[in-house]
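A.B. asks: here are the coordinates; sequence isn't available:
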């Protein structure tokens, strides 16, 4: 009987956090080589919700996965809150990475209060407000810059950013 492949993609919520690299990753590879996967990799919607680094490190060291290495998130648990809970307490995100994470949460939940976003990112509502204000300022600067462009310049800009614009609108750039 063939071994299951245990090939998984990363869930979009997990991808909001940076992967570990360098010595930190090398140390994880060595730990998994010696001890195996001690904390199961969490799956949701058939993708890795938590444990991307463990998964990568296990593959790197030639770990033979078993079903015990994986666990599915209970349907009663909010996946976004789970990812935030698991990562915010064990990651030392620098200020830029933290603000980027807050931006992603604001973009995903534009109508959510600063307090709600703060809970998802383990920060206070003043920090969320500051990020939201920066985002609004950048949009205003873009509007002002756009107003100064000629029609030809606008068309050139739109053409150069076509794929990004379509992706942002949820349209496949074909």
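C.D. replies: Looks like it arrived, so ask away. Note that the structure is a prediction, hence the values are computed from the model and not measured.

A.B. asks: so where's the protein shaky on pLDDT?
C.D. replies: Flagging of the chain using pLDDT under 70 yields the residue ranges 1-4, 89-91, 174.

A.B. asks: In the protein, where's the longest helix?
C.D. replies: Once the chain is assigned using DSSP state H, the helix that runs over the most residues is helix 125-148.

A.B. asks: Give the other helices and strands that it contacts.
C.D. replies: Using 3 or more C-beta pairs under 8 Å, 6 or more residues apart in numbering; DSSP states H and E as the contact criterion, the secondary-structure elements in contact with helix 125-148 are helix 95-108, helix 114-121. (Each C-beta comes from the backbone N, C-alpha and C, glycine too.)

A.B. asks: now the strands for this structure?
C.D. replies: 41-44, 47-50, 70-72 (DSSP state E).

A.B. asks: And those strands: which comes nearest residue 101?
C.D. replies: Put simply, out of these the one that sits nearest residue 101 is strand 47-50, at 15.2 Å, with distance taken as C-beta to C-beta.

A.B. asks: where's that closest one relative to the chain centroid, distance-wise?
C.D. replies: 11 Å (C-alpha atoms, centre = their mean, to the nearest Å).

A.B. asks: Name all residues that make contact with the closest residue to residue 33 other than its chain neighbours.
C.D. replies: Nearest non-adjacent residue to residue 33, counting by C-beta to C-beta, 6 or more residues apart in numbering: residue 61, 4.1 Å away. For residue 61, the contacting residues are 29-30, 32-33, by C-beta atoms under 8 Å, 6 or more residues apart in numbering.

A.B. asks: what's the closest residue in space to residue 62 that isn't next to it in sequence in contact with, if anything?
C.D. replies: Once flanking residues are discounted, residue 62 sits nearest to residue 33: 7.9 Å by C-beta to C-beta, 6+ apart. If you count contacts by C-beta under 8 Å, 6+ apart, residue 33 has them with 61-63.

A.B. asks: Likewise for residue 63?
C.D. replies: Shown in contact with residue 63 (C-beta under 8 Å, 6+ apart): 32-33, 36-37, 69.
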